[in-house]
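>>> requesting a structural model of the entry that follows:
(one chain, ligands or ions: 2)
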Amino acid sequence: MLKETLENLIKNSSSLITIQEIAIKILNNQRISVNEACELYHHAPLSMLGMLAFNIKQQKSGDKVFFNRNFHIEPTNICVNNCRFCSYKKPQGDTQAWEMTMDEILHKVSQYKDSGATECHIVGGVHPDRDINYYGTLIKEVKKIIPGIVVKAFTAVEIDYMIKKAGISIEDGLKRLKECGLESIPGGGAEIFDETLRNKICPEKTSSQRWLEIHKTAHQLDIKTNATILYGHIETIEQRFEHLNRLRLLQDETQGFNCFIPLKYRHENNSMSQIGETPLIDDLKTYAISRIFLDNFPHIKAYWVMSGLETTKLALQYGADDIDGTVNNSTKIYSMAGVSGKPTMTVEQIVDAIKQVNLIAVERDTFYNEIKIYND
Ligand code: V47
Ligand code: SF4
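Ligands and ions are numbered 1, 2, ... in the order given. Okay, here's the model as predicted:
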């Protein structure tokens with residue numbers, strides 16, 4: 001039905017022959033190129049992009065929208081890097097800087113003991129003094145406090161630093177973290193892979209090639225990971241889709257990515273603030289074309305903490321099928337970059353938000369195993 005409507009829309013309403021051809025390709029489940037993604041971005045009607053993306057989302061996950069019960073631990077915001085877009089990192093001694101001791105971190109974890117959380121997401125700044133032994137111990141201790149919880153921890157950027165500090169290979173470093181209980185790696189630190197632009201916005205950061213290498217090695221060790229893009233700042237549309245292309249190529253090789261998360265640049269309190277934020281239309285186009293382009297990614301996540309609940313509900317009409325989780329007021333990254341409101345939602349609020357867009361909420365674990373379907 002959706003496919004028929006789309007075929008009619010494509011035949012009747014598009015005057016641009018190239019858009020018609022690309023849309024037909026997509027309907028026939030053929031892969032699109034970076035150039036075609038750019039064409040769509042610049043010339044396709046937004047409604048058509050939404051329907052094409054939603055059609056693919058329906059093929060992959062039907063009416064289901066996934067969420068989990070999770071909390072974040074951010075051990076420190078002290079960081080050896082100095083990304084221009086970051087509002088979170090503060091220098092040692094700053095009134096807004098923190099470095100939690102192991103006891104403080106574990107005390108925080110114990111507060112979520114009876115919360116029903118299935119995932120503990122640990123990320124933070126790249127602290128100069130903390131090493132792989134420290135973080136390995138942390139994972140083990142978290143699991144002692146909440147047995148059975150999945151630890152999804154450390155961006156490739158944090159892992160890169162730990163591994164270099166220990167003087168070991170990526171493979172050995174990841175094996176050590178896995179032995180301590182690491183089961184999944186979040187998608188942060190990818191930013192924009194284009195090397196020239198990366199040098200401008202986060203010059204000290206782990207290179208694109210190394211970020212991809214760390215995720216590839218994780219996949220080879222059977223550690224599932226996520227991927228992100230930081231969009232809506234000074235990148236070109238072509239650089240945006242080239243970024244997706246590098247992810248799609250790696251996913252072809254490994255099938256190790258669980259989901260892709262477009263992260264919109266939020267502009268408060270950082271050294272790129274003057275550029276402002278990209279409009280909602282850009283967010284929706286980015287979600288839709290990500291869903292279309294990344295044909296080998298099972299899920300597209302609209303991270304509600306970053307995009308706000310209203311945009312997240314719209315993103316579910318533009319190809320996203322995951323909204324992250326309850327989060328339990330446990331992250332500061334986005335409030336420090338200007339997002340208002342407490343980052344916490346109850347399961348009831350999440351289910352209600354998903355129902356509002358006539359889709360079915362499904363509680364999942366980190367690996368998208370279904371825990372409960374809310375279809376009444
Ligand atoms: O890598 C930093 C981004 C990321 C800003 O894998 C900013 O499930 C917008 O990756 N505006 C960390 N974004 C967060 C992240 C994440 C979040 C939730 C779930 C998962 C997952 C991953 O936040 C960083 C960077 O790209 N970031 N500053 C900013 N001003
Ligand atoms: Fe450090 Fe991450 Fe902020 Fe970059 S984005 S300065 S790596 S905390």
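
>>> in the stretch 1-150 of the chain, what spans have low per-residue confidence?
For the stretch 1-150 of the chain, the stretches flagged by pLDDT under 70 are 1-2, 9-17.

>>> what are the buried residues along stretch 204-215?
Buried residues in stretch 204-215, defined by neighbour count with 16 or more other Cβ atoms under 10 Å: 205-206, 208, 210-215. All C-beta spots, glycine's among them, are computed from the backbone N, C-alpha and C.

>>> and the next element down the chain from the top helix by length along the chain?
For the chain, the helix with the greatest residue count under DSSP state H is helix 237-254. Downstream of helix 237-254, the next assigned helix or strand under DSSP states H and E is strand 257-264.

>>> what packs against that following strand?
With contacts defined as 3 or more Cβ pairs under 8 Å, 6 or more residues apart in numbering; DSSP states H and E, the packing partners of strand 257-264 are strand 224-231, helix 237-254, helix 280-293, strand 299-300, helix 304-307.

>>> can you give me the angle that strand makes with strand 224-231?
Interaxial angle of strand 257-264 relative to strand 224-231 (axes from the mean of the first three to the mean of the last three Cα atoms, to 10 degrees): 20 degrees.

>>> rounded mean pLDDT for strand 257-264, please.
For strand 257-264, the mean per-residue pLDDT is 98.

>>> is that strand in proximity to ligand 2?
No - contact of strand 257-264 with ligand 2 (Cβ under 6 Å from any ligand atom) is absent, the minimum separation being 10.7 Å.

>>> ok, residues contacting that strand?
If you take Cβ atoms under 8 Å, 6 or more residues apart in numbering as the criterion, strand 257-264 is touched by 184, 187, 215, 219, 224-232, 244, 247, 250-251, 277-278, 283, 286-287, 290, 294, 297-303, 306-307, 322, 366-368.

>>> identify the residue spatially nearest to the residue of the stretch 151-300 of the chain found nearest ligand 1, adjacent ones excluded.
Nearest to ligand 1, among the residues of the stretch 151-300 of the chain, is residue 188, at 2.7 Å (Cβ to the nearest ligand atom). Excluding the flanking residues, the one nearest residue 188 by Cβ to Cβ, 6 or more residues apart in numbering is residue 155, at 3.8 Å.

>>> my guess is the one you found meets residue 191, correct?
No - Residue 155 is beyond contact range of residue 191, at 10.2 Å (criterion: Cβ atoms under 8 Å).

>>> hang on, the earlier thing: contact partners for the residue nearest to residue 188?
Counted by Cβ under 8 Å, 6+ apart, residue 155 has contacts 123, 185-189.

>>> in strands, which of those residues fall?
Judged by DSSP state E, the contacts of residue 155 include residue 185 as members of strands.

>>> are any of the contacts of residue 155 buried, and if so which?
Those of the contacts of residue 155 that meet the buried threshold are 123, 185-189, by 16+ other Cβ under 10 Å.

>>> quick one: the closest residue to residue 73 other than its chain neighbours and ligand 2, what's the gap?
Distance criterion Cβ to Cβ, 6+ apart; nearest residue to residue 73, sequence neighbours excluded, is residue 122 at 4.6 Å. With distances taken as Cβ to the nearest ligand atom, to the nearest Å, residue 122 is found 13 Å from ligand 2.

>>> could you report the neighbour count for residue 122?
Using other Cβ atoms under 10 Å, residue 122 has 22 other residues around it.

>>> residue contacts, it?
Counting by Cβ under 8 Å, 6+ apart, residue 122 makes contact with 72-75, 138-139, 142, 151-154.

>>> sec struct for the residue in the stretch 251-376 of the chain that ligand 2 sits nearest to, please.
For the stretch 251-376 of the chain and ligand 2, the shortest gap (Cβ to the nearest ligand atom) falls at residue 333, measuring 8.1 Å. With DSSP: H, G, I helix; E, B strand; the rest coil as the basis, residue 333 sits in coil.

>>> how about the strands of the chain, start to end?
According to DSSP E, the chain carries its strands in the segments 64-68, 70-73, 119-122, 150-153, 182-185, 224-231, 257-264, 299-300, 322-325, 360-364, 370-374.

>>> which of those strands is buried the deepest?
strand 322-325 (a mean of 26; mean count of other Cβ atoms under 10 Å).

>>> what is it packed up against?
Counting contacts by 3+ Cβ pairs under 8 Å, 6+ apart, strand 322-325 is packed against strand 64-68, helix 304-307, helix 347-356.

>>> redo these as CSV? Include distance to residue 19.
Converted to CSV, these look like this (distance: least, Cβ to Cβ, whole Å):
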stretch, distance to residue 19
strand 64-68, 28
helix 304-307, 27
helix 347-356, 31
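
>>> any chance of these in CSV, plus distance to ligand 1?
Shown next, in CSV, are these (distance: least, Cβ to the nearest ligand atom, whole Å):
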stretch, distance to ligand 1
strand 64-68, 9
helix 304-307, 6
helix 347-356, 15
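
>>> which stretch in these is the model least sure about?
helix 304-307 has the lowest average pLDDT among these, namely a mean of 93.

>>> my guess is residue 337 contacts residue 272. True?
No - counting by Cβ under 8 Å, residue 337 does not reach residue 272; the two are 10.6 Å apart.
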